[in-house]
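**Q** Sequence and predicted structure below; questions after.
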Amino acid sequence: MKKKHLAMLLSKLRGFESPKPELEQYRTPGDIAAELLWLAYSLGEIEGKVIADLGAGTGVLSIGAVLMGAEKVYAVETDKKALEIARENARSLGVEEKIKFVNADVSEFSKIVDTVVMNPPFGSQKPHADRPFLIKAFEVSDILYSIHLAKPEVRGFIEAFTRDNGFKITHRLTLPFEIPAQFHFHRKRLERIMVDIYRFERG
């Protein structure tokens with residue numbers, strides 16, 4: 001499947017019905033998800049692999065991973081309603097059987113997987129909200145892909161935190177991430193921020 005076609009399919013999936021600001025529930029844009037998954041696929045880390053999507057939301061990365069040939073995906077999400085939408089989204093594309101929907105906090109997940117893909121909270125509402133996701137990802141896999149704000153202070157934290165946990169950054173792609181207004185504190189109809197897509201590996 002071409003990256004453009006993957007992005008188009010993922011962009012048509014249902015998003016959050018009642019997003020919770022404290023969980024920073026922003027739908028991962030189709031083009032961002034496609035970039036992350038295409039990079040992982042090109043490095044042989046999706047097709048035929050067991051994947052975990054930590055903080056899966058409405059299933060964009062989980063579904064994309066299956067479309068790119070993943071053997072099995074654990075979609076881990078604490079919000080039950082979001083997980084129901086993820087299941088419906090997966091069913092709409094005929095990939096539900098390959099996804100194990102896990103309604104739990106990421107801290108409770110313990111399956112060892114080949115690759116982690118995730119778009120954790122950026123920490124806009126709660127500083128370092130991405131930290132538990134990174135800690136868990138470092139526990140359950142040697143390879144992970146994650147999306148974070150492209151800010152100097154965030155990059156500094158990510159670099160140090162990664163190193164302290166015995167991982168290294170091998171790739172970093174910087175892209176615009178569009179967030180539609182969905183919370184009372186949003187001032188613009190469409191907010192465009194810059195994000196980094198990282199690839200980390202143990203070693």
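**A** Yep, that arrived.
**Q** switch to C-alpha atoms for all contacts and neighbour counts from now on
**A** Will do.
**Q** Now do the helices in the chain.
**A** Listed in chain order, the helices of the chain (DSSP state H) span 3-11, 30-42, 60-67, 80-92, 131-140, 152-164.
**Q** okay, these in TSV with mean neighbour count, distance to residue 192 and mean pLDDT next?
**A** Below are the helices of the chain laid out as TSV (neighbours: other Cα atoms under 10 Å; distance: least, Cα to Cα, whole Å; pLDDT from 0 to 100):
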stretch	mean neighbour count	distance to residue 192	mean pLDDT
helix 3-11	17	16	95
helix 30-42	21	13	97
helix 60-67	28	19	98
helix 80-92	19	23	95
helix 131-140	19	23	97
helix 152-164	14	17	96
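**Q** which residues does residue 166 contact?
**A** 202, 203 (Cα atoms under 8 Å, 6 or more residues apart in numbering).
**Q** how does it look with 6 Å?
**A** Taking Cα atoms under 6 Å, 6 or more residues apart in numbering as the criterion, residue 166 is in contact with residue 203.
**Q** per-residue confidence for it?
**A** We have a pLDDT of 98 for residue 166.
**Q** Ok, the one 3 residues further on next?
**A** Model confidence at residue 169, given as pLDDT, is 98.
**Q** try residue 95
**A** pLDDT, residue 95: 98.
**Q** What values do phi and psi take at it?
**A** phi -120, psi 10 (degrees, to the nearest 10).
**Q** separation between it and residue 133?
**A** 25 Å (Cα to Cα, to the nearest Å).
**Q** can you check residue 178 too?
**A** Remark: distance between residue 178 and residue 133 (Cα to Cα) = 22 Å.
**Q** ok, now which ones touch the nearest residue to residue 12 once chain neighbours are set aside?
**A** Setting aside the residues directly before and after it, residue 12 is nearest to residue 30 in space (Cα to Cα, 6 or more residues apart in numbering), at 7.9 Å. For residue 30, the contacting residues are 7, 10, 11, by Cα under 6 Å, 6+ apart.
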